[in-house]
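Asks: sequence below, structure please.
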Amino acid sequence: MESAVRRVAGVPDSVKIRRYGHPEDSADELIANVDAGTPDEAKRLDFCRFYRESVEVIPSVEVRFSVVREVPASSSGADALGKSYRMAKGAVATTKLGVLYFECFSKKLSRGEGAKVLVRGESRTNDEVAESEAAAYQDNLRIVHASSRAFAELLGCEANAGLPATFSMPPEV
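Replies: Numbering: from 1, shown residues only. As a prediction, this is how the structure comes out:
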């Protein structure tokens, strides 16, 4: 995933990337919100951020997760600005954004009784994109896919939430 971060954010190999985040805390917060009956409060949970070695104010790339009620229709909402792809429950990419929706059933939810939630993963590039549009779309989806697989594992999602083990560019919708 680091190579995709480097490509999409234009970070040369000679510059170190620092990863910051508390993925376990984000998963615990989502579980706590679902258990408390307030899944709508599980919004924009910081999963991880990638910083250039010398820049610590704004991350080059950041990944967040939220619980949502539904996948927005392709013709509306902020996600409609990019291309839609067939992956999990839906995916959208732009040059600076990768979004992936996946359904998670986990016994960790609802105090061990198990529950199903729809999760929205987002990878956002804050730097100027340094690669072609098509390559940036693919790298943003690659980053959000890898992060979503890790988040699904932390949540205990059955069958890895239907996310493929390895990333390959999905077909457009």
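Asks: got phi/psi on the residue nearest the centre of the chain?
Replies: Here the mean C-alpha position of the chain is nearest to the C-alpha of residue 121 (CA atoms, centre = their mean), at a distance of 3.0 Å. With angles defined as degrees, to the nearest 10, residue 121 sits at phi -100, psi 140.
Asks: I'd say it and residue 62 touch.
Replies: No: using CB atoms under 8 Å, residue 121 makes no contact with residue 62, being 11.5 Å away. Every C-beta, even on glycine, is put in place using the N, C-alpha and C of the backbone.
Asks: all strands of the protein, in order?
Replies: Secondary structure of the chain by DSSP state E: the strands cover 17-20, 45-52, 61-68, 83-85, 90-93, 97-106, 115-125.
Asks: most tightly surrounded among the ones you listed?
Replies: Highest mean neighbour count among the strands of the chain (mean count of other CB atoms under 10 Å): strand 90-93, with a mean of 26.
Asks: run through the neighbouring helices and strands of that one.
Replies: Applying 3 or more CB pairs under 8 Å, 6 or more residues apart in numbering; DSSP states H and E, one finds that strand 90-93 makes contact with strand 83-85, strand 97-106, helix 133-155.
Asks: least reliable of those going by mean pLDDT?
Replies: For those, mean pLDDT drops lowest on strand 83-85, to a mean of 93.
Asks: need the contact partners of that one.
Replies: Residues from elsewhere that reach strand 83-85, judged by CB atoms under 8 Å, 6 or more residues apart in numbering: 74, 90-94, 137, 141, 169-173.
Asks: quick one: pLDDT of the closest residue to residue 45 other than its chain neighbours?
Replies: Computed as CB to CB, 6 or more residues apart in numbering, the closest residue to residue 45 that is not its neighbour in sequence is residue 26, at 4.1 Å. Predicted confidence (pLDDT) for residue 26: 93.
Asks: any stretches of the chain with poor pLDDT?
Replies: 55-56, 74-80 (pLDDT under 70).
Asks: show me the contacts for the closest residue to residue 69 other than its chain neighbours.
Replies: Among residues not flanking residue 69 along the chain, residue 118 sits closest, at 6.9 Å (CB to CB, 6+ apart). Taking CB under 8 Å, 6+ apart, we find residue 118 in contact with 67, 68, 69, 70, 71, 89, 101, 102, 103, 104.
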